[in-house]
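> Here is my input, please return the structure:
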Amino acid sequence: MLQNKDGKLRQKRSDTQMGTIEKMYGKDFGVRSDKELGNYLNEKGYDSLSQLLKNG
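Take a look at the predicted model:
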């Protein structure tokens, strides 16, 4: 995972494509790779990428 020096996950832009997220974190969320992170989080009811990675 991409983390800051203090161990917290770095904040990702909401327009980051899900394909990039899947590659970075080695997860498959079963969505189109060009879907934007912000849209995916809103659809699934997550407040942040951290929350998605923990629960998704």
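> List the contacts of Asp34.
Gln17, Met18, Gly19 (C-beta atoms under 8 Å, 6 or more residues apart in numbering). C-betas here are computed from N, CA, C, even on glycine.
> Check the secondary structure at it for me.
Assigned by DSSP: H, G, I helix; E, B strand; the rest coil, the conformation of Asp34 is coil.
> Can you read off the pLDDT for it?
Turning to Asp34, the model gives it a pLDDT of 96.
> repeat for the one 5 residues further on
Asn39 is assigned a predicted lDDT (pLDDT) of 94.
> tell me, what residue is most central in this protein?
Taking C-alpha atoms, centre = their mean, the centroid of the chain lies closest to Leu49, which sits 4.2 Å from it.
> residues near the residue lying closest to Met18 once chain neighbours are set aside, how many?
Leaving aside its sequence neighbours, Met18 sits nearest to Lys35 (C-beta to C-beta, 6 or more residues apart in numbering; 4.5 Å). When neighbours are defined as other C-beta atoms under 10 Å, Lys35 has 15 of them.
> hmm, back to that, show the buried residues in the contacts of Asp34.
Neighbour-count burial (16 or more other C-beta atoms under 10 Å) applied to these gives Gln17, Met18.
> Please convert the contacts of Asp34 to JSON lines, extending it with pLDDT and distance to Asp28.
Output for the contacts of Asp34, formatted as JSON lines (pLDDT from 0 to 100; distance: C-beta to C-beta, whole Å):
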{"residue": "Gln17", "pLDDT": "95", "distance to Asp28": "14"}
{"residue": "Met18", "pLDDT": "96", "distance to Asp28": "10"}
{"residue": "Gly19", "pLDDT": "96", "distance to Asp28": "10"}
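> Secondary structure and distance to Lys27 for the contacts of Asp34 - can I get that in a markdown table?
Below are the contacts of Asp34 laid out as a markdown table (DSSP: H, G, I helix; E, B strand; the rest coil; distance: C-beta to C-beta, whole Å):
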| residue | secondary structure | distance to Lys27 |
| --- | --- | --- |
| Gln17 | strand | 14 |
| Met18 | helix | 10 |
| Gly19 | helix | 11 |
